[in-house]
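Student: attaching a predicted model along with its sequence, questions to come.
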Amino acid sequence: MINQHHTDNPLSAAKQICLAVLNLRGRLLNIIILSVVLSVDLNTLAFAEGVQRTRAQAVQIAKSRSGDGRVLSVNKKVNKNGVSVFAVKIIVNGRVKVYSIPEFAK
């Protein structure tokens, strides 16, 4: 007895080809999206945190918090949480205080 369960069906072959093309197109789209995501510049990621402040803006913020004292120094540092801040040292009424102003406003 001859088993003839396997027959060549052109419609079935066309369906398989269409499915393979769709699968390949989906993978290609995923590769393109992944390429775009991975090519994002690190500066762009930093700016995603917010608007970058200048030293002058950091001084203005610190002076408004201190009550308009005299600025002794301004240094840019990275705090223990890994956030870039301006350390603004201000003297008011004989007392020195350091204000940490984040470089990027939220």
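Tutor: Everything's here; your move. Note that the structure is a prediction, hence the values are computed from the model and not measured.
Student: helix or strand right after the lowest-mean-pLDDT helix or strand in the chain?
Tutor: Ranked by mean pLDDT, DSSP states H and E, the weakest helix or strand in the chain is helix 42-47, scoring a mean of 49. The element immediately downstream of helix 42-47 (helix or strand, assigned by DSSP states H and E) is strand 51-52.
Student: that following strand pairs with which strands?
Tutor: Paired strands of strand 51-52, with direction, are strand 104-105 (antiparallel) (DSSP bridges).
Student: now do the strands in the chain.
Tutor: 51-52, 70-78, 84-92, 95-102, 104-105 (DSSP state E).
Student: tell me the angle the third one makes with strand 95-102.
Tutor: Same thing as strand 84-92. Interaxial angle, strand 84-92 versus strand 95-102 (axes from the mean of the first three to the mean of the last three CA atoms, to 10 degrees): 160 degrees.
Student: residues contacting strand 84-92, please?
Tutor: Residues from elsewhere that reach strand 84-92 (CB atoms under 8 Å, 6 or more residues apart in numbering): 53, 55, 58-59, 61-63, 66-79, 96-104. The C-beta positions use only the backbone N, C-alpha and C, and glycine is treated the same way.
Student: which ChimeraX command selects the buried ones in the residues you listed?
Tutor: Buried members of those can be picked out in ChimeraX with the line below, counting by 16 or more other CB atoms under 10 Å:
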select :53,58,59,61,62,63,66,69,74,99,101,102,103
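Student: including distance to residue 22 and mean pLDDT, could the strands of the chain go into CSV?
Tutor: Putting the strands of the chain into CSV (distance: least, CB to CB, whole Å; pLDDT from 0 to 100) gives the following:
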stretch, distance to residue 22, mean pLDDT
strand 51-52, 43, 91
strand 70-78, 48, 95
strand 84-92, 47, 95
strand 95-102, 48, 95
strand 104-105, 43, 90
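Student: all set now, cheers.
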